[in-house]
Every structure is written in C-alpha cells, then in structure tokens.
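> need coordinates for the below:
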Amino acid sequence: MAEKVTFEENMQKLEQIVNELEQGDIPLEKALSEFQNGVSLTKDLQATLKNAENTLAKEMTSNDEEIPFEKSESDKN
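Alright, predicted model coming up:
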C-alpha cells in the first residue's frame, strides 16, 4: 500500500508545477498535462484545508459533544 502524500508534499509539487509553467519552455502537451495535475493538486489541497477548518471550528461540551465553535454556550449569553 502506498504511503499517503502529505499536504506539504502536495504543496511543494504544486509550486514546482507553477514554476515550470511560468518559465514557459516546455512543450504544449506537457504544459497541459502539468496544468491538469496542478488543478487536481489544488482541489486536494483545498479539501484538506477545509477539513482542517471544520475540525478546528468545533469545541467539546462538558458532555463530550462536538459543537460548532460559533454556537458555543458562552456565545449564547
């Protein structure tokens, strides 16, 4: 089973793709392929960030329930 690629590794791959495309000295077919890879990486990175945001935007109640941070009991007063 392949190891899961980390957020940082995907970010580094995306930066490499962007740098390569900015240089503009690659064949069109490779540029299109790299662009598609970059779009895919961007979607994966955005999903990872959204998941992290959703996880961090929760808090535990005294009953060990997860609730959205903005609807905590302290905000109701």
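
> give the contact list for Lys58.
By CB atoms under 8 Å, 6 or more residues apart in numbering, the residues touching Lys58 are 66-69. Every residue, glycine included, has its C-beta placed from N, CA and C.

> let's see if you can find the most crowded of the residues you listed.
Ile67 (13 neighbours; other CB atoms under 10 Å).

> so how far is Leu56 from that one?
13 Å (CB to CB, to the nearest Å).

> what does Leu45 give?
16 Å.

> so which of these two has more stuff around it?
Higher neighbour count among Leu45 and Leu56: Leu45, with 15 against 9, using other CB under 10 Å.

> in three-state terms, how would the residue nearest to the more buried one when sequence neighbours are not counted be classified?
For Leu45, ignoring the flanking residues on the chain, the nearest one in space by CB to CB, 6 or more residues apart in numbering is Asn10 at 5.7 Å. Secondary structure assignment for Asn10 (DSSP: H, G, I helix; E, B strand; the rest coil): helix.

> again, but for Val5
With three-state DSSP as the criterion, Val5 was assigned coil.

> secondary structure element for Ser62?
Under the criterion DSSP states H and E, no helix or strand holds Ser62.

> just the pLDDT for it.
Looking at Ser62, its pLDDT stands at 78.

> quick one, strands of the protein?
58-60, 66-68 (DSSP state E).

> ok, which of those strands comes nearest Lys4?
Nearest to Lys4, of all the strands of the chain, is strand 58-60, at 23.2 Å by CB to CB.
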